[in-house]
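Q: Could you work out the structure for the sequence below:
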Amino acid sequence: MSNQQGTDWFTQAFQVAEKFNKTISDASSDVGELLGNTTSHVQQVASGLTSQISQAVSDVTQNSQKTPEKQSFIDLSQVDEATRLAFYGALFAVAFADNSIDKEEVELIFSMMDLEGMTESAKRQVQSYIIEPPSLQICLRSLEKANEQLRYGLMINLVDIAWANDELDWLSLI
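A: I've put the predicted structure just below:
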C-alpha cells in the first residue's frame with residue numbers, strides 16, 4: 001500500500017467517523033428532545049390529574065363538613081364508655097395511619113368527640129391517643145357488635161378523617 005493510498009484511506013475513515021459521530025449526535029439530540037417532550041407531557045398530565053383529584057377531595061371534604069346532620073348523626077353520650085373509647089380510638093388510628101397526625105385531622109376528631117359523661121381515666125386515655133393511637137383492627141373488633149347506626153356513623157367519620165388533610169392513602173391503612 002502506497003503512502004498516498006494510506007492517506008486516502010485515513011481521510012475516508014476520518015470522514016466516515018465524522019459522519020457517524022454527527023449521525024449519533026443528531027440521533028441523541030432527537031431522542032433527548034423526544035424524551036424531554038414526553039417527560040414534560042407526563043408531568044403536565046400528572047399535575048393536572050393531581051390538581052383535579054385534590055379539588056375533588058377538597059370539595060367532598062368541604063361538603064361533608066357543611067352537612068349539619070354529620071355532627072349530630074350519632075349521640076355518643078348515650079353509648080357505653082368502652083364503645084366510645086373504641087370509636088375515638090378508631091378515629092385516631094386512621095388519622096395516624098401515615099405515622100403522623102396532622103392539625104386538620106386533630107381538629108376534625110375533636111369536633112366529633114364528646115367526652116362529657118366519661119370518667120377522668122377514660123378522658124386521659126382518649127387524650128393519650130394523640131401520642132399513641134390504638135390498633136384500628138382492635139377498635140373495629142370492639143365495635144363489630146355495635147348497632148348499625150353507630151357503625152355507619154363510624155364509617156362516615158373514618159372517611160372524613162382520612163380526607164381531612166386532602167391526602168388519602170388507603171394503603172397505609174392495610
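
Q: name the helices or strands packed onto the helix or strand where Asn157 lies?
A: For Asn157, the host element (DSSP states H and E) is helix 148-163. Applying 3 or more Cβ pairs under 8 Å, 6 or more residues apart in numbering; DSSP states H and E, one finds that helix 148-163 contacts helix 3-66, helix 81-95, helix 103-112, helix 136-143. Backbone N, C-alpha and C define where each C-beta goes, glycine included.

Q: in the third one, what's buried?
A: By neighbour count, with 16 or more other Cβ atoms under 10 Å as the criterion, the buried positions of helix 103-112 are Glu104, Glu105, Leu108, Ile109, Met112.

Q: So what's the residue count around Ile138?
A: A total of 13 residues lie near Ile138 under the criterion other Cβ atoms under 10 Å.

Q: per-residue pLDDT, it?
A: Looking at Ile138, its pLDDT reads 96.

Q: how close does it get to Glu144?
A: Separation of Ile138 from Glu144 (Cβ to Cβ, to the nearest Å): 11 Å.

Q: Could you tell me which residues touch both of these two?
A: Listed as contacting both Ile138 and Glu144 by Cβ atoms under 8 Å, 6 or more residues apart in numbering is no residue at all.

Q: Give me the below-cutoff pLDDT ranges for this protein.
A: By pLDDT under 70, the weakly predicted segments of the chain are 1-14, 16-17, 20-22, 24-32, 34-73, 165-174.

Q: again, only this time at 90
A: 1-78, 97-106, 112, 114, 159-174 (pLDDT under 90).

Q: Not counting sequence-adjacent ones, nearest residue to Arg84?
A: Spatially, and ignoring its direct neighbours in sequence, Arg84 is nearest to Leu76 (5.3 Å; Cβ to Cβ, 6 or more residues apart in numbering).

Q: can you count the residues close to the one you found?
A: Leu76: 20 neighbours (other Cβ under 10 Å).

Q: Tell me who's in contact with it.
A: If you count contacts by Cβ under 8 Å, 6+ apart, Leu76 has them with Thr83, Arg84, Phe87, Met113, Asp114.

Q: Ser142 now?
A: Ala82, Thr83, Ala86.

Q: Please indicate which of the residues you listed has the highest neighbour count?
A: Ala86 (21 neighbours).

Q: That one touches Gln137, doesn't it?
A: No. Contact criterion Cβ atoms under 8 Å: Ala86 and Gln137 do not qualify, at 11.1 Å.

Q: Just give me the residues shared between the contact sets of those two.
A: With Cβ under 8 Å, 6+ apart as the test, Ala86 and Gln137 reach no residue in common.
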